[in-house]
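Trainee: Here is a sequence together with a model predicted from it:
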Amino acid sequence: MDSNAKEKKRKPIPLMKSFSFAINGIQSAIKQERNIRIHLSVSIVVFVAGIAFSISTVQWLFVIFAIGGMIALELMNTAIERLVDLVTLEFHPLAKQAKDLAAGAVFSYAILSVIIGIIIFGPYILRLF
């Protein structure tokens, strides 16, 4: 049976079931991945600071995009790491490179998020002193 025949017979996944797969993935990452727990903990601190400093709507948008992007990238990084581990248990330079590139994407977005945080929260923190 060719792939086109398989696709024609495949039933679409109900929307709610798709959502449950996504929620299961997020729960799995939270249980098993230290870095996602770190990102979520920092996100809670940032949300509390945003409320405490009464940041503007535009500032909230930047904060929400920074947090959402960070979590999404961390989930993708985890997915790439798991996929590479599934494909090969042996060391391979391309497997290492794939993992390093995914981690680099997370790291670069984390730097961007910190810069956004400094720009938004810096003036509020400086006023405290």
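Mentor: That came in fine, so what should we check first? Numbers count the residues shown, from 1 in each chain.
Trainee: same for the longest helix seen in the chain, what does it pack against?
Mentor: For the chain, the longest helix by residue count, based on DSSP state H, is helix 93-127. Judged by 3 or more C-beta pairs under 8 Å, 6 or more residues apart in numbering; DSSP states H and E, the packing partners of helix 93-127 are helix 34-52, helix 57-87. Every C-beta, even on glycine, is put in place using the N, C-alpha and C of the backbone.
Trainee: Throw those into CSV and include mean neighbour count, thanks.
Mentor: Shown next, in CSV, are the helices and strands packed on helix 93-127 (neighbours: other C-beta atoms under 10 Å):
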stretch, mean neighbour count
helix 34-52, 14
helix 57-87, 15
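Trainee: will you turn these into JSON lines that also has mean pLDDT and distance to residue 117?
Mentor: Listed next are the helices and strands packed on helix 93-127 as JSON lines, based on pLDDT from 0 to 100; distance: least, C-beta to C-beta, whole Å:
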{"stretch": "helix 34-52", "mean pLDDT": "97", "distance to residue 117": "7"}
{"stretch": "helix 57-87", "mean pLDDT": "96", "distance to residue 117": "7"}
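Trainee: Go through the ones you listed and name the closest to residue 123.
Mentor: Residue 123 lies closest to helix 57-87 among the helices and strands packed on helix 93-127, at 10.4 Å (C-beta to C-beta).
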